[in-house]
Structures are given as C-alpha cells and as structure tokens.
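Peer 1: Sequence and predicted structure below; questions after.
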Amino acid sequence: MQIRKNTPNHKPVRKAVIPVAGLGTRLLPITKSVPKELLPVVDVPAIQVVVEECVNAGIEEVIFITGRGKGGIEDHFDFNFELEKILEDRGKFEELSRVRSISKLIRTIAIRQKRPLGLGHAVLCARDVIEDEPFMVVLPDDLIGSEPSVTKQLIEVYEKYGQGVVSLMPVPEEEVSRYGIVTGENWAPSLHRVRTIVEKPEPGISPSNLAVIGRYLLPSHIFEYLEELEPDESGEIQLTDGLSRLAKERALVGYEFTGRRHDIGDKLGFLTANISYALGREDLGPKVLAYLRKKVAEADGDG
C-alpha cells in the first residue's frame, strides 16, 4: 500500500493503552514490594509522567493492563478522601490541590492480564474497550522528554497520513540486539515506510539501526492480527509480529521522534531520568547542577 496524505474523515485518537503488568525484575529488590511504575521521578510517580503525556496530547481515556500487586497504580489516580481531609484540616492547601488534580487528570480503566503472555497479548486485552478506534500504546518504561511529546508527535503523523505509526530512534550497533529493528525506506524527513520489524537481531546482521521505542499509534485491525498469532518459543504473543503483518498487508509509518529517552526499567536509566527531570525544575535545577559540578570537581581532584 502506498502511503498518502489522509482524508479528513479519520477517527480521532482518544484512547491509550498502558501495559503495567510487568514484574520489574531489572529493578529488584525494590520492585519486590513496590510496582516499578510507582517509583518516583523526583517526586512524581513514573506512571503519572506517562499519563500526563497522554493528557497533554489530547487523550481522553487510559486503559491500564494490570497484573497482580498493581492495584496501587489505580489507587494513585483515584480520590483519597482521608488524605484530602487531613491536608484540608491542616491548612495544606497547595498539597491538597496537587493531590486532587491527580484524581481529575483523566478517565481510567483497569483490565487484568491474568498471565504474562507478552506485550501483544497485553494489547489484545484492551480490544473490547478500544472497539474500532485508533489508539496509542505507551510503554511506561520509556520516559521521553520532548516538546511536543512523542505521543503528540505520533498523533500529528497519523492525522496527516491516516496509517499506523511507530516511534523510531537510532541506536548504536552494539545495542540492536535489545530492540525491534525496522526495515524499510526513508521517504520524507524523519519518516520511513516500514516493511517489517526484526526482533532483537544480532549485531553485524541487523537490517538497520532504527529501533522501535515505546510509543505506538495503532489501527483497531491490529487486534485481528494479534488474535491469529501463534505464541513464540517462550509462549508469548509478540506485538512485533502483529506490526510486521500490519506493515506488509496495509501500511506502517516509522517516525524518528525528537526528544531524549530514558529507559527507567533499567537502574542507570532510572537514575539518569531523575537527574534530567530534576535539572529541568526551577525549584531544584540550580541546586542539583551545583551538586553535580561539585562531585565532578571532587572526582577530578581524586584523579
């Protein structure tokens, strides 16, 4: 299928699926008792950073695909009457306003993924809620600082071409085995016609260095492909396989987004995200920068 500019009759993107059922094993031992999505980026849970990205892009409803022990994520976006009463009684009105604003952010739905059967299966769990609408899939491990957000960037590409869109980022050759890597043709600045996606190829035989990173805008017929997929050797339904079929039978756009990405499912990525977001805050940035400069100077002195 040739990719053309879209007609104005496309359906708007109103819903986002956020899979949060993962165990967070890369961040053990803290994730033994605390969902990784609730770990703080400075003073805001990581999942709230992602949800705010969706809200600011015009998303109206978020569907959490949850698992055992993840109830705290739903609670975070709910009202907490006891806490609000205490804050009100103590005259902490600024804190009260922040707490109440979280519960008013967006409409949320939680769907339990009862078995860990892969990202494709997690997306498939949302089928009855999405129905026949286009939708975002946002992976909460990937925090991407940009203006506009990557979610907004993908929606703008979809509104122009009316096709599914995946976010792409060039990665070093030695890291391609960690990602789904696309094949295809570059046909406009930052835009690619995706032909297929190779899951975690070995360095040296990878078809490109363009990796799919944590944001997908998908048409509803992706569910048909996911439902027909056979589990892989690990017993999982891979979203990558569904995307490859979408690219072959219909069309799939790859978009090289602008922004800085942090993989907060990784310990180093979690730390760099906290530093980066703290540096961007007026109340903390100058102090954090001064501290970092001091530590660098001390390290240089020790050398």
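Peer 2: Arrived safely, thanks for sending. Quick caveat: nothing in here was measured; it's all calculated off a predicted structure.
Peer 1: who touches residue 261 in this structure?
Peer 2: Residues touching residue 261, when contacts are defined by C-beta atoms under 8 Å, 6 or more residues apart in numbering, comprise 142-144, 169, 213-214. For every residue, glycine as well, the C-beta is placed using N, CA and C.
Peer 1: cool, and residue 174?
Peer 2: With C-beta under 8 Å, 6+ apart as the criterion, the residues that contact residue 174 are residue 203.
Peer 1: all helices for the stretch 101-250 of the chain, in order.
Peer 2: Here the stretch 101-250 of the chain has its helices, by DSSP state H, counting those that start in this stretch, at 119-124, 127-130, 150-161, 222-228, 239-249.
Peer 1: Show me what counts as buried in the longest helix belonging to the chain.
Peer 2: Here the longest helix in the chain is taken by residue count, with DSSP state H as the criterion, and it is helix 285-302. Applying a neighbour-count criterion of 16 or more other C-beta atoms under 10 Å, the buried positions in helix 285-302 are residue 288.
Peer 1: what packs against that helix?
Peer 2: Contacts defined by 3 or more C-beta pairs under 8 Å, 6 or more residues apart in numbering; DSSP states H and E place helix 285-302 against helix 267-279.
Peer 1: List of residues touching the helix it packs on?
Peer 2: 26-27, 39-42, 46, 49, 143, 145, 260, 262-264, 284-285, 288-289, 292.
Peer 1: And the buried ones among the residues you listed, selectable in PyMOL?
Peer 2: Per 16+ other C-beta under 10 Å, the buried members of the contacts of helix 267-279 correspond to this PyMOL selection:
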select buried, resi 26+27+39+41+42+46+49+143+145+262+263+264+288
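Peer 1: hang on, the earlier thing: now do the longest helix of the chain: everything it contacts.
Peer 2: Applying C-beta under 8 Å, 6+ apart, the set of residues contacting helix 285-302 is 275, 278-279.
Peer 1: and what of stretch 195-202?
Peer 2: By C-beta under 8 Å, 6+ apart, the surrounding residues in contact with stretch 195-202 are 176-185, 206-207, 212, 238, 240-241, 243-244, 247-248.
Peer 1: Of those residues, select the buried ones using a PyMOL command.
Peer 2: In PyMOL, a selection of the buried entries from those looks like this (16+ other C-beta under 10 Å):
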select buried, resi 176+179+180+181+182+183+184+206+212+238+240+241+243+244+247
